[in-house]
Structure formats: C-alpha cells, structure tokens
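Novice: model the structure of this input:
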Amino acid sequence: MSSRNTLPAASARTTLLAALVALSSAATASAQPAGQRTAFESVGPAAGQAAPAPGLEANWLDKLNPEIPSPIAAYIVANDHPMGSQIRLHEFKPFMRGGMLRTITKVGSVAGMDVSGYQGNVNWSSAYSKGARFAYVKATEGTYYTNPYFAQQYNGSYNVGMIRGAYHFARPDTTSGATQADYFVNHGGGWSADAKTLPGALDMEYNPYGSTCYGLSKSGMASWISSFSNRYKTRTGRYPVIYTSNSWWTTCVGTSGNFSATSPLWVARYSSTVGTLPYAWSYYTFWQFADSGTFPGDQNTFNGAYDRLVVLARGY
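Specialist: Sure thing, here's the model as predicted:
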C-alpha cells in the first residue's frame, strides 16, 4: 500500500508522523480533555522521530494496522489506549510474543481476543477458524474517544458466530464514573440477553497521563468504580466485567472496594499462570495472558467451558 491515504507497513511511523503533523489539530483538538496533548505534540529532535499518545511505548505504532487511512490513524494514535497498554508498560517488559496460547489453553477453557482501533478492520472469519470464540471490542475512552472501527469489529465478530462484548478505558481523573458509564452505553457498550453479547467491561489500569491512581485515594477510586458500575447496572441490567491487574488494584483500590459479588474479574498477567488475584476475588472469569499471538490484538482465555460463557452472556 503506497497511496497517500494508507500507511505503508515498512514506514508506518514516518508516514504517520507526517499525517499527524498536518491533521492532529483538526482531528483531535475537540476530542482532547483539558491538559492533554494532541497527536505527536512532542516530536524528537531527529527527523521522523515521534511517539504515540502519552502512556504508549514508541514501538506501539508497529501494532497499527497499515490499512487504516491516515486521518483515522491520526485520531486513533492521538487518543486510543488499548486494553492492557498501561499494564504492559508498567509491569510486563519486554512484551511476550506468541506461543503462549498453546501453553495455557486447557480443557474447560475458551480462547478469545480483545481489539481496539489499532487493529482496524479485523478478519473475523480467520480468527474464528483459528479457534477464537469470544471477542471484546474497545468502544470508548473517557468521554472524548470512540473507536472508529467499533461497528466492523463488534458486528463482525458477532456475524461469524463469536460471543462479543464492548469495553471502556476508564479516565477517573476527567469525569465521574456515572458520566463515563453513560458515554459507554451511548456509544455501543450496552448489553442484550441474546446469549451472544457479554456484559460491558470496565478497563481499570495505570493512568497514561500522570499519577498512577489518577489523583484519587483508594476509597475515592472505589467510589468512582461504584459510580460507574451502578450506573451501568441501571442502564443495562448487568454489572460490568472489571479488567485490571493485581498490582494496579492493590495500589489504587486495595481493600477499599469489594466488587467480587457483582462483577466478573478479567485479570491481566503475562505469564504461564494467572497468579494472585486482586482483593476479594477468589475466581477469575477472563485472563489476558499475551499481547499478541494466534489472533489479532490481545490473547485471552475464558475460565470455563463454552456453555458457561453462554450463561455469562445470557445473564442466567
């Protein structure tokens, strides 16, 4: 691909830099909360040197689908923090690449994936043929970003027979939990009792823009999560799945909030075992164990047989 409208894989970072310099003001200014920079506002001294949105490693652009048109790529790179991006940055270096799925897949588990704008148009038939049976798709971040590929990803996974769900990247430093729950539901994060739609997931991880815990105390963070969860329950009839790591949760929530009775746990840990679970959960429902592998995006497993995944989706 060498047209002006797509990003050549071999030079995605250089091409994207040029696009972002020209497009970032128009593409992202209205979407950025106060104090956030627009795309590639910090450019290194060397020609072509750049970094993606705050909180993403410089090589993150390698994950960007080169088929994404440049203006859309500008918007994604300026605003999108995919699920687990901050946990990888703070807890798991270097990235664990491939091979892990064969190591951890076992009888009674279901293979799945999660994707964001970075994956662009996903080949869902291929992912299904390789064994993926569920997918979570990023819908929103804060109250300023929606995934431009949400429809293709959310509907495409459903159309090939996967059980799908949506997730929201939380920004507790910008607006209330209830406000973000509304934004999430209003932009694709709802739920329906069709046995094919999982409850929405709340992505709680390190702050890409500053203080680890978004400037909140442990009790303040627990209150923010409660605000989101309760509002989501009011809007959809279900409590959200909570995605996090044990380390972040221990640091930012600790024992101040117990969500184990209402929210299924989706734990992030890139290892051959799931490890210690966050406070009060005695059981994990999903496990994100690698950032790449057999499927596009992150690699996940459901802790149970397929019929239990259907029960989670259906709600009974």
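Novice: need the contact list for the closest residue to residue 260 other than its chain neighbours.
Specialist: Residue nearest to residue 260 in three dimensions, not counting chain neighbours: residue 280, with 4.1 Å by CB to CB, 6 or more residues apart in numbering. All C-beta spots, glycine's among them, are computed from the backbone N, C-alpha and C. Counting by CB atoms under 8 Å, 6 or more residues apart in numbering, residue 280 makes contact with 255, 258, 259, 260.
Novice: which residues touch the second one?
Specialist: This points to residue 258. Residue 258 neighbours (CB under 8 Å, 6+ apart): 279, 280.
Novice: per-residue confidence for it?
Specialist: On pLDDT, residue 258 comes in at 97.
Novice: what do you get for the one 3 residues further on?
Specialist: With respect to pLDDT, residue 261 scores 97.
Novice: just residue 60 next, same as before
Specialist: pLDDT for residue 60: 77.
Novice: hang on, it in a helix?
Specialist: Yes. Counting by DSSP: H, G, I helix; E, B strand; the rest coil, residue 60 falls inside a helix.
Novice: which stretches in this structure count as helices?
Specialist: Assigned helices in the chain, in chain order: 12-28, 70-79, 85-91, 100-104, 124-129, 150-159, 177-186, 218-236, 246-252, 306-314 (criterion: DSSP state H).
Novice: so which of the ones you listed comes closest to residue 117?
Specialist: For residue 117, the closest of those is helix 70-79, at 4.0 Å, according to CB to CB.
Novice: could you export the closest one as PDB, CA atoms only?
Specialist: The C-alpha coordinates for helix 70-79 follow below in PDB (Å, rounded to 0.1, in the frame of the first residue of the first chain):
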ATOM      1  CA  SER A  70      -4.100   8.300   7.600                       C
ATOM      2  CA  PRO A  71      -6.700  10.800   9.000                       C
ATOM      3  CA  ILE A  72      -8.300   7.900  11.000                       C
ATOM      4  CA  ALA A  73      -4.900   6.700  12.100                       C
ATOM      5  CA  ALA A  74      -4.200  10.200  13.400                       C
ATOM      6  CA  TYR A  75      -7.300  10.100  15.500                       C
ATOM      7  CA  ILE A  76      -6.600   6.600  16.900                       C
ATOM      8  CA  VAL A  77      -3.000   7.200  17.700                       C
ATOM      9  CA  ALA A  78      -3.700  10.500  19.500                       C
ATOM     10  CA  ASN A  79      -6.500   9.100  21.700                       C
END
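Novice: now it: how far from the chain's centre is it?
Specialist: Relative to its parent chain, helix 70-79 has a centroid offset of 16 Å by CA atoms, centre = their mean, to the nearest Å.
Novice: between the contacts of residue 280, which has the most around it?
Specialist: Neighbour tally across those (other CB atoms under 10 Å): the maximum, 23 neighbours, falls on residue 259.
Novice: so the protein: which segments form each domain?
Specialist: Taking automatic domain parsing as the reference, the chain has its domains at 9-79, 89-314.
Novice: tell me which of the ones you listed sits most buried.
Specialist: domain 89-314 (a mean of 20; mean count of other CB atoms under 10 Å).
Novice: measure that domain end to end?
Specialist: 35 Å (CA to CA, to the nearest Å).
Novice: try stretch 240-254
Specialist: OK, stretch 240-254 end separation, CA to CA: 19 Å.
Novice: stretch 80-90 too?
Specialist: Start-to-end, stretch 80-90 (CA to CA) is 17 Å.
Novice: and residue 163, what does it touch?
Specialist: Counted by CB under 8 Å, 6+ apart, residue 163 has contacts 133, 134, 135, 195, 196, 197, 198, 309, 310, 313.
Novice: separation between the nearest residue to residue 199 once chain neighbours are set aside and residue 167?
Specialist: Spatially, and ignoring its direct neighbours in sequence, residue 199 is nearest to residue 238 (4.1 Å; CB to CB, 6+ apart). To residue 167, residue 238 is 14 Å away according to CB to CB, to the nearest Å.
Novice: now list whatever residues contact both of those two.
Specialist: residue 200.
Novice: could I get the helices of the chain as JSON lines with mean pLDDT and distance to residue 270?
Specialist: Formatted as JSON lines, those follow (pLDDT from 0 to 100; distance: least, CB to CB, whole Å):
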{"stretch": "helix 12-28", "mean pLDDT": "46", "distance to residue 270": "24"}
{"stretch": "helix 70-79", "mean pLDDT": "91", "distance to residue 270": "23"}
{"stretch": "helix 85-91", "mean pLDDT": "90", "distance to residue 270": "7"}
{"stretch": "helix 100-104", "mean pLDDT": "38", "distance to residue 270": "8"}
{"stretch": "helix 124-129", "mean pLDDT": "98", "distance to residue 270": "20"}
{"stretch": "helix 150-159", "mean pLDDT": "98", "distance to residue 270": "23"}
{"stretch": "helix 177-186", "mean pLDDT": "98", "distance to residue 270": "26"}
{"stretch": "helix 218-236", "mean pLDDT": "98", "distance to residue 270": "24"}
{"stretch": "helix 246-252", "mean pLDDT": "98", "distance to residue 270": "12"}
{"stretch": "helix 306-314", "mean pLDDT": "98", "distance to residue 270": "22"}
